[in-house]
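**Q** my questions concern the predicted model and sequence given below.
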Amino acid sequence: MKDNRNMVLAILLSALVLLGWSFLGPKVLPTAGPQTAQVRDGKIHALPQPQASPAGTGVPTAAAGALRVRADVLRSTPRIKIDTPSLLGSINLQGARIDDLRLVKQHETIAPNSAPVRLFSPAGAPGAYFAGFGWLGDAVAVPGPDTVWTASSRLLAPGKPVTLSWTNPTGQKFEQTVSVDDEYLFTVQQRVTNTGASAVTLRPYGFASRAAQSVDPSTWTNHVGPMSVINAKADYSTKWKTLDEAGDAGKTGESGSGWVGFTEKYWLTALAPTGNIAPSFRRTPAGGYQADYAGAPVTLAPGQQTSGETRLFAGAKEKGALDRYEDAGIPKLSKSIDWGWFEFFMRPIFGLLRWLFAVTGNFGVAIICLTFIVRALMFPIAQRQFQSTNAMRRVQPKLKALQARFKDDKPRQQQEMMKLYKEEKINPAAGCLPIFLQIPVFYALYKVLMVAVEMRHQPFLGWIHDLSAPDPMSPVNLFGLLNFTPPHILAIGVLPILVGATQWLTMKMNPATGVDPTQQQIMSLMPWFLIFVMAPFAAGLQLYWVTNNLLTLAQQAWFNYRHPIDAATAVIDAKPVKR
């Protein structure tokens, strides 16, 4: 009767763990992004993905209007072509906006012919998102969103800058010289020459405006949305909700040098002007969001000229590129990757993973190599764990005898067990150390798979075409041979099943000792619940866990071969002690 009650309790507690994780897990450790592939008729098919384009300083904002087809919007205004190894698009001469930008090296899906990811889109088109620069001024005509600029060339490419110019009726000449490198950085030099008859006061500004929030969710482990770095301090505190609640007032940060913009899971738009700025975020009249800055006012007497420079990063958050731009003077640009609490540990892990990828040419192989390296570094600790476990198994008959002898006196039972551990020189907690040491590695790899664009759409082998997405191959529909998609809770891939199976094998080879029977029953069910827990996570993380379990099994087998357990008998009288 007692055994049945313990079994029921074990099942209930295990179900509570599973359901509790299903509710709290995505809040504590958000799972991978949406599935990028589906298995139908036994073949891998790419799934369509959401488009990458997202939709008080006195800085102008975009006006609301009816949406039109993007191609029609692009044809309706004069444009300069942008053509680099990393970017394709155009600059709108009406308003001098960079509002058409596609990332050549990043694609919307894993399909070979998939279109490039679109980052910027013009106002009036779906997912409007663009950047621009200009001047504010009192009692002087300044260029606005309807101003048509004159361009020195029709092509902007690396080594081929373009100068945009416009002169107002009172003699102030405004110029913007735009250059671009072969990655994701625009450099905009703004100049004003006063050829008029009177002094004018002007103030430069820059902005990034978007019609809607990012399609990527913002979580407590990965900030998505408005962001700034001022005086080398990254500010992740501004949320979409913050601006919704602030309304027209918006939010202005502290003044200093740095950059302001919008960060997404994989993409970044950052405005980094020279000199000090006060970053500002707000809702636009059209219902969108805007990040902007305004420089200090400058008074120009007749014949004088003023200039300033702003660098605009618009592209993928590739760690190598971010580091190079940091070295070139954009402070803490790599902080746009939300490294989290383990940044000191994550950066080296990511650096090692990138190096392994460069050597092997496959991120899946790189993850396996990383697992071997981690296991090699922790080999001595794991050996001590096995020694401790082996010693616990050796004294198991003595522990059972103690439990039987003092079953009615729990305090005395614990006292005698601790005495036995001391006599046998056993530390029961020693087996937990390798697990705790692996947590930072596991979390670092989890974060890398979650936020690193380098992992996006990276294949491994066979059916694993995207290591940053869950395993798409499920036996529930006979690996895609049955024409139906399993419900989310049953969409269990091959790798999660291997995680559970290998975890079960490690428990069978190394059974828990000195544990209450109810706890043993619960622990025996955990590997199978682990299948459901791991199913929504990235395939790369599942691959790491499977490899780690296989190495653990190999190390356990080798240790058991070298140190077989002799038959041990209890030397303590098992007769219960009466109180």
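**A** Nice, I can see it.
**Q** would you mind measuring from the nearest residue to residue 247 once chain neighbours are set aside to residue 226?
**A** Closest residue in space to residue 247, ignoring its immediate chain neighbours: residue 283 at 6.3 Å, by CB to CB, 6 or more residues apart in numbering. Quick note: C-beta positions are derived from backbone N, CA and C, even for glycine. Per CB to CB, to the nearest Å, residue 283 is found 11 Å from residue 226.
**Q** okay, helices next: where are they in the stretch 1-150 of the chain?
**A** With DSSP state H, counting those that start in this stretch as the definition, the stretch 1-150 of the chain shows helices at residue ranges 2-28, 70-75.
**Q** now do residue 469, the pLDDT please.
**A** pLDDT for residue 469: 86.
**Q** residue 538 is in contact with that one, correct?
**A** Yes - Residue 469 lies in contact with residue 538 (CB atoms under 8 Å); the separation is 6.5 Å.
**Q** thinking again about what came up before, looking at residue 283 and residue 226, which is more packed in?
**A** residue 226 (28 against 19; other CB atoms under 10 Å).
**Q** let's verify that one: helix, strand, or coil?
**A** Per DSSP: H, G, I helix; E, B strand; the rest coil, the local secondary structure of residue 226 is strand.
**Q** what's the spacing between residue 412 and residue 527?
**A** In terms of CB to CB, residue 412 sits 35 Å off from residue 527.
**Q** looking at the helices of the stretch 1-150 of the chain, which has the lowest confidence?
**A** Minimum mean pLDDT among the helices of the stretch 1-150 of the chain: helix 2-28, a mean of 49.
**Q** what about the strands in the stretch 101-250 of the chain?
**A** 116-120, 129-137, 150-151, 155-156, 162-167, 172-180, 185-194, 200-210, 225-230, 233-235 (DSSP state E, counting those that start in this stretch).
**Q** pLDDT below threshold where in the stretch 351-500 of the chain?
**A** Low-confidence segments of the stretch 351-500 of the chain (pLDDT under 70): 382-393, 395-396, 399, 402, 409, 421, 423-438, 477, 479-485, 487-489.
**Q** now for the closest residue to residue 102 other than its chain neighbours, how many residues are close by?
**A** Among residues not flanking residue 102 along the chain, residue 116 sits closest, at 4.2 Å (CB to CB, 6+ apart). Other residues lying near residue 116 total 17 when counted by other CB under 10 Å.
**Q** show me the contacts for residue 116.
**A** 88, 102-108 (CB atoms under 8 Å, 6 or more residues apart in numbering).
**Q** out of these, who's the most crowded?
**A** Counting by other CB under 10 Å, top hit in the contacts of residue 116: residue 103 with 24 neighbours.
**Q** quick one: pLDDT of that residue?
**A** 97.
**Q** so it is in contact with residue 85, correct?
**A** No - between residue 103 and residue 85 there is no contact under CB under 8 Å: 11.1 Å.
**Q** which residues of the stretch 301-450 of the chain fall in helices?
**A** Going by DSSP H, counting those that start in this stretch, the stretch 301-450 of the chain shows helices at 319-327, 343-360, 363-377, 379-394, 396-405, 410-424, 433-451.
**Q** tabulate the ones you listed (a markdown table), appending distance to residue 233 and mean neighbour count.
**A** What follows is the helices of the stretch 301-450 of the chain, written out as a markdown table (distance: least, CB to CB, whole Å; neighbours: other CB atoms under 10 Å):
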| stretch | distance to residue 233 | mean neighbour count |
| --- | --- | --- |
| helix 319-327 | 15 | 17 |
| helix 343-360 | 14 | 16 |
| helix 363-377 | 32 | 19 |
| helix 379-394 | 37 | 17 |
| helix 396-405 | 55 | 18 |
| helix 410-424 | 49 | 13 |
| helix 433-451 | 20 | 19 |
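**Q** okay if I get those as a markdown table plus distance to residue 333?
**A** Converted to a markdown table, those look like this (distance: least, CB to CB, whole Å):
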| stretch | distance to residue 333 |
| --- | --- |
| helix 319-327 | 5 |
| helix 343-360 | 14 |
| helix 363-377 | 24 |
| helix 379-394 | 37 |
| helix 396-405 | 57 |
| helix 410-424 | 53 |
| helix 433-451 | 15 |
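**Q** what's the closest of the ones you listed to residue 185?
**A** Residue 185 sits nearest to helix 319-327 of all the helices of the stretch 301-450 of the chain, at 6.2 Å, using CB to CB.
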